[in-house]
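[1] what would the 3D arrangement of this be:
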Amino acid sequence: MDIVETDRLILRNFRQGDAANLFAYLRQPRSNCFVSLRLADIDAAQAEVETRSRSDEHIAVCLRGVDRLIGDLFCVHEPPDTFSVGWNFNADFGGAGYATEAARALVEYLFTVKQARRLYAYVEEDNVASQRLCERLGMRREGLFREFVSFVTDDDGAQIFENTMQYAILRKEWTARR
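    Below is the predicted model:
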């Protein structure tokens, strides 16, 4: 991915040196949808950084000036012109608008550089912060999928299915908002 800079952030590919900061928020993921990405130790974090560094699907979000990883974005291309997008941030950096700033930059990049026509995001029903972020980006809620997916199990090992919302925005909607 091309490096994208905002007022306070740098969006770039993952690279050596990101493991400790990735481990800081993936050792105990806050959202169930990231449980499968849980990292057991720093060695697992280093392996994950290696994997992510070879792909443009995972984008490191770093504080500008100090190049410290504070979260990540993802964008999965669905040819010919659609991307699934999402985000995961270290809670220690919450409330400062970093997720909004990073997500806006990603959306702009996908629509202008990658010529995406449509972007969409899945958000669990209890993840109000991500729902609000989608709305700040101008995404509309397209639907609610009842008991759509299971990320975790209960104490007896039975799957817990979660309701999931789909949000989306078209390039022409994004352009009209600017």
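
[2] the closest residue to D67 other than its chain neighbours bridge partners, please.
    Distances taken as C-beta to C-beta, 6 or more residues apart in numbering put I10 closest to D67, at 6.7 Å, once the chain neighbours are dropped. Any C-beta I mention is one placed from the backbone N, CA and C, and that applies to glycine too. Counting by DSSP bridges, I10 is bridged to E5, C62.

[3] could you give the number of residues near R38?
    11 (other C-beta atoms under 10 Å).

[4] against V152, how distant is the closest residue to it other than its chain neighbours?
    Nearest residue to R38, sequence neighbours excluded (C-beta to C-beta, 6+ apart): P29, at 5.7 Å. Using C-beta to C-beta, to the nearest Å, P29 is found at 10 Å from V152.

[5] and the two? Which one has more around it.
    Higher neighbour count among P29 and V152: P29, with 16 against 12, using other C-beta under 10 Å.

[6] isn't the more buried one right up against G71?
    No. Counting by C-beta atoms under 8 Å, P29 stays clear of G71, with 11.9 Å between them.

[7] how about stretch 109-126: buried residues?
    Residues 109-111, 116, 118-124 are the ones in stretch 109-126 that count as buried (16 or more other C-beta atoms under 10 Å).

[8] narrow these to those in strands?
    118-124 (DSSP state E).

[9] if you average pLDDT per helix and strand, which one of this structure comes out bottom?
    Lowest by mean pLDDT, DSSP states H and E among the helices and strands of the chain is strand 140-153, with a mean of 90.

[10] so which residues make contact with stretch 47-55?
    Outside stretch 47-55, the residues that touch it by C-beta atoms under 8 Å, 6 or more residues apart in numbering are 13-16, 18-19, 22, 26, 37, 39, 58, 60, 72.
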